[in-house]
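> Could you look at this predicted model? Sequence included:
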Amino acid sequence: MKVKFKEWNCKAVGMYYAGGNKAIRLIDEDDHEPIVTATVNLVDFNEVMPENVVFIKDYSENEGIVEALAKADIIHPFSVGKTKSGYVEINAYILTEEAMKELWQ
């Protein structure tokens, strides 16, 4: 799935973290260099997290990632919850059906 993030034209890649949580990485569309990891692996949620929910890092260098992923139809644009991790709050988002099919099947 194609994603425009800041000045990069990217491709979203679905991966899994250790423990089974879904991960989303953006790689440069041309040279396949990694641009950003959009998700956060919160291991405390491994067993209770629905398979279509991811925690998105939307601060610091990832500012603007929620809008980019929503525009690319990877996540729904509204947070469905949040949790504290260290000094920050991490928001949870629902993956679209299209993203579930294209990135993890």
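Sure thing, it's come through.
> Quick check: buried residues in the host helix or strand of Ala70?
Following DSSP states H and E, one finds Ala70 within helix 65-71. For helix 65-71, the neighbour count (16 or more other C-beta atoms under 10 Å) marks Ile65, Val66, Ala68, Leu69, Ala70 as buried. The way it works is simple: take the backbone N, C-alpha and C, and place the C-beta from them, glycine included.
> With stretch 71-80 instead?
Ala72, Asp73, Ile74, Ile75, Ser79.
> I'd like to know how far the fourth one sits from Tyr17.
Which is Ile75. In this view, Ile75 and Tyr17 are 17 Å apart by C-beta to C-beta, to the nearest Å.
> go on, the third one?
For Ile74, the distance to Tyr17 equals 17 Å [C-beta to C-beta].
> before we move on, what about the last one?
Computed with C-beta to C-beta, the distance linking Ser79 and Tyr17 is 20 Å.
> and what of the first one?
Between Ala72 and Tyr17 the distance, using C-beta to C-beta, works out to 21 Å.
> my guess is Phe5 meets Val66, correct?
No - the criterion here is C-beta atoms under 8 Å, and Phe5 misses it with Val66 at 10.7 Å.
> For stretch 17-35, which residues meet the burial criterion?
Within stretch 17-35, judged by 16+ other C-beta under 10 Å, the buried ones are Asn21, Lys22, Ala23, Ile24, Arg25, Leu26, Ile27, Ile35.
> Ok, stretch 6-18 next?
Across stretch 6-18, burial judged by 16+ other C-beta under 10 Å covers Trp8, Cys10, Lys11, Ala12, Gly14.
> then that stretch to CSV, C-alphas only?
The C-alpha coordinates for stretch 6-18 follow below in CSV (Å, rounded to 0.1, in the frame of the first residue of the first chain):
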residue,chain,number,x,y,z
LYS,A,6,6.4,14.0,4.8
GLU,A,7,8.6,14.3,1.7
TRP,A,8,8.8,10.5,1.1
ASN,A,9,6.8,8.3,-1.2
CYS,A,10,6.6,5.1,0.7
LYS,A,11,5.3,1.6,0.7
ALA,A,12,3.7,0.2,3.8
VAL,A,13,5.0,-3.2,4.9
GLY,A,14,3.2,-5.4,7.4
MET,A,15,5.3,-7.3,9.9
TYR,A,16,4.9,-9.0,13.2
TYR,A,17,6.7,-8.1,16.5
ALA,A,18,7.9,-10.8,18.8
